[in-house]
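Undergrad: dropping the sequence and predicted coords here.
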Amino acid sequence: MSFESLANSGVGELPTYEPGRPIEDVARELGFGDPAEVTKLASNENALGPSPLAMEAIVSNAANMHLYPDGGAFHLKQALAEKLQVKPEQLLIGNGSNELIEFIGHVFMGPHAGIVMADRAFIAYKLIAAMFKAPVVTVPMAAFVHDLDAMLEAIRPETRVVFVANPNNPTGTIVSRDAINSFMARVPDHVVVCYDEAYVELLPEVQQPATLDYVREGRNVIALRTFSKTYGLAGLRVGYAVAPAECIALLNRVRQPFNVSAMALIAAEAALRDDEHVARTRALVVDGLKELGSAFGAMGLSYVPSAANFILVKVGEGRCCFEALQKRGVIVRPMDGYGLPDYIRITVGTHAENMCCIEALKSVLEART
Ligand SMILES: *Cc1c(COP(=O)(O)O)cnc(C)c1O
């Protein structure tokens, strides 16, 4: 019998995620002699690299890697609890925040327990919902911003989870504290609201969402955060959820005992202390967004003003542009998977990387006419 016919129903039809292409892959395929000739601005990674404190911790802990990790992540939870002013039992550590989205699926989604999300929101929610056969209601954004009023209207009796990515990937837009407060004042209590805050550390303090207040009040809220972006540890896979203890206990039941590696836990704890790296990263992103934005303006391209470390820009025929840029050694992200075929998403790089991308983009657009 074919594997397909033996597989659980629906598995063969599951959509797959199209990740940013690895540098080595592109270099091999396009015949670049040296992978260093390729610039990757495709996955919202930190252009400054990992937190230096995390790198030190990694090196000095190599000799302990024969030991299993602390599955309860005691030290990282203590450090996070102190920093965020929550209790350790309000925290769960995941193998990237993507794993936590899957835990949310295990606990809350099913054929009669669906989700509500925005049409241009981070695509992982939809993919995880499909794994659990959970119905998905997508709500149009208003000018690339989550329309929380419309999302509230879209909640049905069978809705279990509402996802709000803030700032959102790939639009880079944020929802205001007022919009969140007004939403939280009206959201029915049969839904869990998941605020995915992967880029939150990049925001100025005044713009940082106050979602942890809702967690402290015991509301049905889960905040997701990650060490992949601002802390520069995407390769290690560490994210965390902040939610009321009762919710965390449920999510913890679907977690494998050693879901996060010992090295990842150690590095994340060190990165959390690295305020200097966060400050340098923020400054780089602010400068880079200006640099890219003004170059796009000069080229007559429209873009969505971003609060995160990437920018959505309208180039027309995004996939062709992505391919042409790749031939010139610059990897970006096509956006047709998000229903935005005319756009590409570009991650903010170093000054040199941004310049390289701008030059390549100019040459692609000129070659087109
Ligand atoms: C990058 C990203 C994540 C998660 O990444 P992990 O590496 O799995 O922690 C989650 N949500 C959004 C919106 C992202 O952009």
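TA: Great, that's in hand.

Undergrad: show me what from the stretch 1-150 of the chain comes close to the ligand.
TA: 44, 96-98, 122 (C-beta under 6 Å from any ligand atom). All C-beta atoms are positioned from the backbone trio N, CA, C, and that covers glycine.

Undergrad: now intersect the residues you listed with the helices, please.
TA: 97-98 (DSSP state H).

Undergrad: want to throw the residues of the stretch 1-150 of the chain next to the ligand into a markdown table with pLDDT and neighbour count?
TA: Output for these, formatted as a markdown table (pLDDT from 0 to 100; neighbours: other C-beta atoms under 10 Å):
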| residue | pLDDT | neighbour count |
| --- | --- | --- |
| Asn44 | 97 | 23 |
| Gly96 | 98 | 22 |
| Ser97 | 98 | 25 |
| Asn98 | 98 | 20 |
| Phe122 | 97 | 22 |
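
Undergrad: going by distance to Ala223, which of the residues of the stretch 1-150 of the chain next to the ligand wins?
TA: Ser97 (10.0 Å; C-beta to C-beta).

Undergrad: quick one, what contacts that closest one?
TA: By C-beta atoms under 8 Å, 6 or more residues apart in numbering, the contact set of Ser97 is 196, 198, 224-226, 228, 239-241.

Undergrad: ok, now with 6 Å
TA: Contacts for Ser97 (C-beta atoms under 6 Å, 6 or more residues apart in numbering) come out as 224, 226, 239.

Undergrad: within reach of the ligand, which of those residues are there?
TA: 226, 239.

Undergrad: need the contacts of Ser97 in a markdown table (columns: pLDDT).
TA: Shown next, in a markdown table, are the contacts of Ser97 (pLDDT from 0 to 100):
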| residue | pLDDT |
| --- | --- |
| Leu224 | 98 |
| Thr226 | 98 |
| Gly239 | 98 |
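
Undergrad: now intersect the contacts of Ser97 with the strands, please.
TA: 224, 226, 239 (DSSP state E).

Undergrad: ok so, going back, a markdown table for the residues of the stretch 1-150 of the chain next to the ligand, including distance to Pro305?
TA: Output for those, formatted as a markdown table (distance: C-beta to C-beta, whole Å):
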| residue | distance to Pro305 |
| --- | --- |
| Asn44 | 16 |
| Gly96 | 27 |
| Ser97 | 24 |
| Asn98 | 26 |
| Phe122 | 18 |
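
Undergrad: just to revisit the earlier point, ok, of the contacts of Ser97, which come out buried?
TA: 224, 226, 239 (16 or more other C-beta atoms under 10 Å).

Undergrad: sketch out the helices for the stretch 151-300 of the chain, chain order is fine.
TA: Assigned by DSSP state H, counting those that start in this stretch, the helices in the stretch 151-300 of the chain fall at 177-186, 211-216, 245-253, 262-272, 275-298.

Undergrad: mean neighbour count, the ones you listed: which tops it?
TA: Counting by mean count of other C-beta atoms under 10 Å, helix 262-272 has the highest mean neighbour count of the helices of the stretch 151-300 of the chain, with a mean of 23.

Undergrad: output it as CSV, nothing but the C-alphas.
TA: Backbone C-alpha positions of helix 262-272 (Å, rounded to 0.1, in the frame of the first residue of the first chain) are rendered in CSV as follows:
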residue,chain,number,x,y,z
ALA,A,262,20.6,22.8,27.0
MET,A,263,22.7,25.0,24.9
ALA,A,264,19.6,27.0,23.8
LEU,A,265,18.5,27.5,27.4
ILE,A,266,22.0,28.7,28.5
ALA,A,267,22.4,31.1,25.6
ALA,A,268,18.9,32.6,26.0
GLU,A,269,19.5,33.2,29.7
ALA,A,270,22.8,35.1,28.8
ALA,A,271,21.2,37.0,25.9
LEU,A,272,18.4,38.2,28.3
